[in-house]
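Undergrad: Return atomic coordinates for the entry below.
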Amino acid sequence: MAAGDLREGRIVVVGASLAGLRATETLREEGFTGSLTVVGDEPHVPYDRPPLSKQVLLGQATADTTELPVRRNPDADWRLGTAATGLDPLEKRVLLADGESLPYDRLLITTGTRARPWPNPAEGALDGVFTLRTREDAAGLAERLDAGPRRVLVIGAGFTGSEIASACRERGLDVTVAERGPAPLVGALGGTLSKLAAVMQRNHGVDLRCGVTVTALRGNGGFTGADLSDGTRVDADVCVVALGAVRNVEWLADSGLAAGPRGIACDAGCRAFNMYGIVTDDVFVAGDVSRFPHPLFGYQMLSLEHWGNAVEQAEVAAHNMINPGPRQRPHLTIPTFWSTQFGLNIKSVGVPTFSDHVVIAQGSLEARRLAMVYGYQGRVTAAVTVDMAKSLDYYRHLIETAAPFPPPPGALDRALAADVPIPSDVPDPKGLSHGPTVALTGYLPDRRLTVLRPTS
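TA: Residues are numbered from 1 along each chain as shown. Below is the predicted model of the structure:
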């Protein structure tokens, strides 16, 4: 297809998300003049999700005010409230729940994730049991918190669960957090910083239970409490299930794409792989639903749940959809993440789970203000700051240049002898209630194929 032709034709975006919106804007900004259709299973135009676990739960904003600002009118046909149910890559059609099928020349998949539900559907349906992912989730939970429950139970101490617990304590509500792993945030930040997270939660009055699982949610129509694996019971009026995310890939089961529980595998240019590991030239992926290789992290496939990554990957995907090969560019952004909880501002750059050792380069755990640097096989791979965000750009540069680990003396505010690197103590995610916000998912698509050769 000639370069001029790439700026014409039919593009369908499945996923009316942050990534979907930014991609449509970029397509128009870079000269795409063809038809543009956006499919979304929710009835809303794209909205911002981070405020749902922060400002909305604190009563500082309402869920219906989280609509994303539009940089420019993408002049798209919005099909909202209609889910995609299948993909026919040969006929180049997206199948919709209402029976219609949309033809495309190029397709962008930005279907993101959904909250992992409680595994027992009957218990999960009890009145007072919530997950937090959508506008409706946040509005319903905020309303329950406004009513002043006796106690809130949060299951899972990842970033979302911890932010929910923080909002409850800021409201003056009693809260219990149950986490299967050894500490909050351990799956994202490793063992050392997770100890600080545990201290902060307990200092703010959280009833933190680690190393336990919730075995049953109790109630007759309405939630009244939960049984824990250590034989104790928590009496509560509200339960928030914060067990991580599920990638929205089921609709692609028969598509032949490399789509599985960890997302859709794509190359660094956001082009989707098929199940044989062959890259496609007309199907692209961006945002939380994608898995892409990164040279700074061993070319492993990364699966990210990051606001910034969704924006930047969507812009790269849109650019590559309407530019020929020599003009295409890779998505090589360093992952970043931030969270505010229990009075702390936590910011992360790089991939903390891609590490074997850590060192505290600035500040201290005791002061609750620090910069922790992560290394893997002798080079810097990540940094996390606590109330020290201005240092983050410096550490980003160390990651981008594959600087040696431990970092050089100029990166420290004290002698290294005082802080010898220690193991980063990143646990296997299988043993946690929460998952990392950056997941290393191996090198190739999920499926294992067997090659059958004729005997004669």
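Undergrad: residue nearest the centroid of this structure?
TA: Glu305 (1.6 Å; CA atoms, centre = their mean).
Undergrad: From Arg369, how far out is it?
TA: As judged by CB to CB, to the nearest Å, Glu305 and Arg369 stand 26 Å apart. No exception for glycine: its C-beta is placed from N, CA and C like everyone else's.
Undergrad: follow-up on the earlier one: look up phi and psi at the residue nearest to the centre of the chain.
TA: phi -110, psi 70 (degrees, to the nearest 10).
Undergrad: surely it meets Ala245?
TA: Yes - applying CB atoms under 8 Å, one finds Glu305 in contact with Ala245, separated by 6.1 Å.
Undergrad: shared neighbours of these two, anything?
TA: Common contacts of Glu305 and Ala245, defined by CB atoms under 8 Å, 6 or more residues apart in numbering, comprise 113, 288.
Undergrad: all strands of the stretch 301-450 of the chain, in order?
TA: For the stretch 301-450 of the chain, the strands defined by DSSP state E, counting those that start in this stretch occupy 301-304, 336-341, 344-350, 357-364, 369-376, 379-386, 422-423, 438-440.
Undergrad: again, but for the stretch 151-300 of the chain
TA: Remark: strands assigned in the stretch 151-300 of the chain by DSSP E, counting those that start in this stretch are 151-155, 174-179, 207-210, 214-219, 223-228, 233-235, 238-241, 245-247, 259-260, 263-265, 271-273, 279-285, 290-293.
Undergrad: ok, now how distant is Val177 from Val206?
TA: Val177 sits 6 Å away from Val206, going by CB to CB.
Undergrad: whoops, I mixed them up, Leu57
TA: Counting by CB to CB, the gap from Leu57 to Val206 is 15 Å.
Undergrad: same question, Gly308
TA: Gly308 is 28 Å from Val206, where distance means CB to CB.
Undergrad: of those two, who's got more company?
TA: For Gly308 versus Val206, neighbours defined as other CB atoms under 10 Å are more numerous around Val206 (23 against 15).
Undergrad: By residue count, which helix of the chain is the longest?
TA: In the chain, assigned by DSSP state H, the helix with the most residues is helix 307-321.
Undergrad: I'd like to know which elements that one is packed against.
TA: Counting contacts by 3 or more CB pairs under 8 Å, 6 or more residues apart in numbering; DSSP states H and E, the secondary-structure elements packed against helix 307-321 are helix 18-29, strand 106-109, strand 279-285.
Undergrad: May I have it as CSV, with CA atoms only?
TA: Taking Å, rounded to 0.1, in the frame of the first residue of the first chain, the C-alpha atoms of helix 307-321 are listed here in CSV:
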residue,chain,number,x,y,z
TRP,A,307,-1.8,5.9,32.2
GLY,A,308,1.3,7.3,30.5
ASN,A,309,2.0,4.1,28.7
ALA,A,310,-1.5,4.0,27.2
VAL,A,311,-1.1,7.5,25.9
GLU,A,312,2.4,7.1,24.4
GLN,A,313,1.8,3.7,22.9
ALA,A,314,-1.5,4.8,21.3
GLU,A,315,0.4,7.7,19.6
VAL,A,316,3.0,5.3,18.3
ALA,A,317,0.4,2.8,17.1
ALA,A,318,-1.6,5.6,15.3
HIS,A,319,1.6,7.0,13.7
ASN,A,320,2.6,3.5,12.4
MET,A,321,-0.9,2.7,11.1
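Undergrad: Pull the distance from it to the chain's centre.
TA: In terms of CA atoms, centre = their mean, to the nearest Å, the gap separating the centre of helix 307-321 from the centre of its chain is 15 Å.
Undergrad: Stretch 313-324 too?
TA: Relative to its chain's centre, stretch 313-324 lies at 21 Å (CA atoms, centre = their mean).
Undergrad: Make 23 the starting number, not 1.
TA: With 23 as the first residue, the last one maps to stretch 335-346.
Undergrad: in it, what counts as buried?
TA: Under the neighbour-count criterion of 16 or more other CB atoms under 10 Å, stretch 335-346 has 335-345 buried.
Undergrad: Phi, psi for the nearest residue to Pro171 once chain neighbours are set aside please.
TA: Distances taken as CB to CB, 6 or more residues apart in numbering place Asp259 nearest to Pro171, at 3.7 Å, with adjacent residues excluded. The phi and psi values for Asp259, taken as degrees, to the nearest 10, are phi -100, psi -30.
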